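Colleague: Got a sequence here, can you build the structure:
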Amino acid sequence: MARLSSFVRMVIGLAYLALLVAAFMAVCVVLLPSRTARIKVCNLFGHVTGRILLWLCGARVTENVPALMKAHKPALYLSNHSSILDIFIAIWSCPVGTCGVAKKEIVKYPFFGQLYWISGHLRLDRSNHQSAVTALNETAEMVRRNKLGVWMWPEGTRSKDGRLLPLKRGFAHLAMVTRLPIVPVVVKGAHKGWEKNTLLIQPTNVEISVLDPISTEDWTAENLDEKVAMVQRIFNDAMPEDQKMIPLSDEKQARRAKAMARLSRLSAAASQPPAASPAEPTTVTA
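Modeller: As a prediction, the model looks like this:
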């Protein structure tokens, strides 16, 4: 019975998305000259669509989240990622004028992925460091110029069991350049409603906590590792026991430290201005 209910929910949801995305695509075509306008109109579309999709999935969510998010606009909104439901939560709750950042594979999601692409939100190719750096640089400039906010899932991938994963550094570089305050958005229980690598949708309660903003005014290249660790601790402390991060073994910690050191060297090299342009502004590195 649960599988039948899940199948019906999915069919209705996809049909709903197909109809609305088809209509919205026409709006985006008209707005092609302005990426900012497309992002803002997509935010409005998401406020309605995201809430309906959550309802279709049987997800009972904290109702005052959009208002709490709007109170901190614009900001760099960070959220943990353990379920496709997180996408619906993001488009429902993020304020108008918020650019999404996701991996390039998001375009493979039926209807939603194509809408995300044409709306002008950022897609990162994590397998290509230079491409990701360039994309983040362009986004940082657009965010500063148009006073936009940004939504990111800093773990870089969906958690298999709902537990918090180590945060990637990309968000920290974006925060350092834009100076947007960081607003942690902690999602609890979404992994129980739609588990990774399954098509089984189950009604569930999803608690969403919008934590106090974190100033990034004093973030520098020298203290970036310390700031990333601080944000990691804040997220982990806000998680229920079954979603807290599992401590890494000594071997895994050593491998992670080595990888982080390599990334720092790449970031430092990528951020060096050309010799002929010493006054060139600081750029984001991932």
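
Colleague: so how many other residues sit close to Trp209?
Modeller: Quick fix: residue 209 reads Ser, not Trp. 14 (other C-beta atoms under 10 Å). Every residue, glycine included, has its C-beta placed from N, CA and C.

Colleague: Do I have it right that it meets Ile234?
Modeller: No: counting by C-beta atoms under 8 Å, Ser209 stays clear of Ile234, with 11.0 Å between them.

Colleague: So which residues make contact with stretch 10-19?
Modeller: The contact list for stretch 10-19, computed with C-beta atoms under 8 Å, 6 or more residues apart in numbering, reads 49, 52-53, 56-57, 110-112, 199, 201.

Colleague: Please, where are all the helices along the stretch 51-200 of the chain?
Modeller: Here the stretch 51-200 of the chain has its helices, by DSSP state H, counting those that start in this stretch, at 65-70, 85-93, 112-119, 129-146, 170-178.

Colleague: now for those, which one comes closest to Asp225?
Modeller: helix 170-178 (8.6 Å; C-beta to C-beta).

Colleague: Just want the angle from that closest one to helix 129-146.
Modeller: Angle between the axes of helix 170-178 and helix 129-146 is 40 degrees (criterion: axes from the mean of the first three to the mean of the last three C-alpha atoms, to 10 degrees).

Colleague: Now do the contacts for Glu195.
Modeller: With C-beta under 8 Å, 6+ apart, Glu195 has these contacts: Ser83.

Colleague: Look up phi and psi at it.
Modeller: phi -70, psi 150 (degrees, to the nearest 10).

Colleague: do Pro74 as well
Modeller: According to degrees, to the nearest 10, Pro74 has phi -80, psi 160.

Colleague: What number of residues are in the vicinity of it?
Modeller: For Pro74, the count of nearby residues is 19 (other C-beta under 10 Å).

Colleague: in stretch 12-26, what's buried?
Modeller: For stretch 12-26, the neighbour count (16 or more other C-beta atoms under 10 Å) marks 13, 17, 20-21, 24 as buried.

Colleague: ignore the last one, stretch 232-239
Modeller: Judged by neighbour count using 16+ other C-beta under 10 Å, the buried positions of stretch 232-239 are 232, 234-236, 238-239.

Colleague: If anything else comes up later, I'll come back, but that's it for now.
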